[in-house]
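Enquirer: the following block contains a protein sequence and its predicted model.
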Amino acid sequence: MAKDIHRAMGHHYIVEASGCDPKIISSVEKVQQILVKAAEIAGAQVWSISVNRFPPDGVSGVIVIAESHISTHTWPEYGYGALDFYTCGDSSDPEKGVFYAVEAFGAVTSHITEITRGIEEDDKIFYHSFITWEEDFANGKKKS
């Protein structure tokens, strides 16, 4: 049997969400609900929640999950939300959580970078690889 020599430790999504609904991304309560639900949809286990107002209208938050973390910072005045979603292992599906959060923020488009982290070839030397794409949530079309 062939040995899997390209094992990855985790997946890291960095997301620029544009055209977000300012009413949603300026609400501490709504942002917290969205991030917790994103973790649940991804199949992650929530350990700790810290979501706060970032003056004057933004929201910053982090959800510590057993698999690592989900974080955000929003700029309602620009309709912009930055999301960071990192999971270790194979027990969750972070992309599902990312798509849920971006849609729940009311984003029209998003630029997504997925970084596969901790890749190694059975030599204990680790590296990463990445792909990046855009999603048009207004029309449901993916742009590569």
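Expert: Received it, and whenever you're ready, just let me know what you need.
Enquirer: remind me, longest helix of this structure?
Expert: helix 28-42 (DSSP state H).
Enquirer: residues making contact with the very next helix or strand once past it?
Expert: Counting by DSSP states H and E, the next helix or strand C-terminal to helix 28-42 is strand 46-54. Strand 46-54 has contacts (C-beta atoms under 8 Å, 6 or more residues apart in numbering) with 28, 31-32, 35-36, 39-40, 59-66, 73-74. For the C-beta atoms, the positions are set from N, CA and C on the backbone; glycine is no exception.
Enquirer: paired strands for strand 46-54, with orientation please.
Expert: Strand 46-54 has its sheet partners listed here by DSSP bridges as strand 58-65 (antiparallel).
Enquirer: now the spatially most central residue of the chain: which helix or strand?
Expert: Nearest to the mean C-alpha position of the chain, by C-alpha atoms, centre = their mean, lies F85 at 3.2 Å. Assigned by DSSP H and E, F85 falls within strand 80-88.
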